[in-house]
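J.: next one to model:
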Amino acid sequence: LLKINLYDEGEPFLNKEIYKIIKYLHNNNVASCVSSNFSLKFSDEDFKKMIDSKLDHLIVAVDGVNQESYSSYRKGGDFNLVISNIKRLTYFINLYKSSLKVEFQYLEFEDSNKEHLNQAKELAKSLDVWKFTAIKDCSREGWDGYLFKGCEEERRKCGCYQIWFSGSILSNGDYHSCDF
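T.: Numbering: from 1, shown residues only. Sure thing, here's the model as predicted:
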């Protein structure tokens, strides 16, 4: 096993054991990735735990460039809190010379934020994140239309690689070898 994704359903940082899980993975030479909306009120101690746990990759879902565009999908979300959290985490990454990679993920919706894609790229750049990723043509109804419906043999013919090197542990503790 090379990597575990600690996300897919639910907010991973609500799990009180998240940093222990990440540290366990690190100590056993398994990379870890967390995807978060990052809209929690993190303390400085939380950021230190995040870095000390040796989390490898953090994906922060920021689907807007201001409160209005952000909240069209992230209902009740606080755009300024998310941006503040990224800035504070980046400060601690630099302070402790951490290798944690922070990815700014932008879900692009045709009806609400597509025209802000370039602004989102610039915002990500200004936050000094490792990577900017835009996921285009997202559906508010969910991912059902995109999910692979075939059997394992068909998946292998299509070249699905995820089941061979990573898996996902959901917030309820269930393990899945593939998002699909």
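
J.: which parts of this protein are helices?
T.: Secondary structure of the chain by DSSP state H: the helices cover 18-27, 44-52, 67-71, 79-95, 117-126, 152-158, 162-165.

J.: make CSV out of those and add mean pLDDT, mean neighbour count and distance to residue 136.
T.: From N, CA and C alone the C-beta is placed, and that goes for glycine too. Formatted as CSV, the helices of the chain follow (pLDDT from 0 to 100; neighbours: other Cβ atoms under 10 Å; distance: least, Cβ to Cβ, whole Å):
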stretch, mean pLDDT, mean neighbour count, distance to residue 136
helix 18-27, 97, 17, 30
helix 44-52, 97, 16, 29
helix 67-71, 86, 17, 16
helix 79-95, 98, 17, 21
helix 117-126, 95, 15, 9
helix 152-158, 65, 11, 21
helix 162-165, 64, 13, 20
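
J.: for residue 102, which of these is the nearest?
T.: Residue 102 lies closest, by Cβ to Cβ, to one member of the helices of the chain: helix 79-95, at 6.6 Å.

J.: closest to the centroid, which residue in this protein?
T.: The chain has residue 35 as the residue nearest its centroid, 2.1 Å off, counting by Cα atoms, centre = their mean.

J.: I'd guessed that residue sits against residue 9; true?
T.: No: with contacts counted by Cβ atoms under 8 Å, residue 35 stays clear of residue 9, the gap being 10.7 Å.

J.: anything in contact with each of the two?
T.: Common neighbours of residue 35 and residue 9, using Cβ atoms under 8 Å, 6 or more residues apart in numbering, do not exist here.

J.: flag every buried residue along stretch 53-72.
T.: Residues of stretch 53-72 classed as buried: 53-65, 69-72 (neighbour count, 16 or more other Cβ atoms under 10 Å).

J.: alpha carbons only: can I get stretch 13-27 in CSV?
T.: The C-alpha trace of stretch 13-27 is given here as CSV (Å, rounded to 0.1, in the frame of the first residue of the first chain):
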residue,chain,number,x,y,z
PHE,A,13,-10.9,16.9,10.5
LEU,A,14,-14.0,16.2,12.6
ASN,A,15,-12.5,12.8,13.5
LYS,A,16,-10.8,13.2,16.8
GLU,A,17,-8.3,10.5,15.9
ILE,A,18,-7.3,12.0,12.5
TYR,A,19,-3.8,13.0,13.5
LYS,A,20,-3.1,9.7,15.2
ILE,A,21,-4.2,7.9,12.1
ILE,A,22,-2.0,10.0,9.9
LYS,A,23,1.0,9.5,12.2
TYR,A,24,0.4,5.7,12.1
LEU,A,25,0.3,5.8,8.3
HIS,A,26,3.5,7.8,8.2
ASN,A,27,5.3,5.5,10.6
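
J.: right, I'll leave it there.
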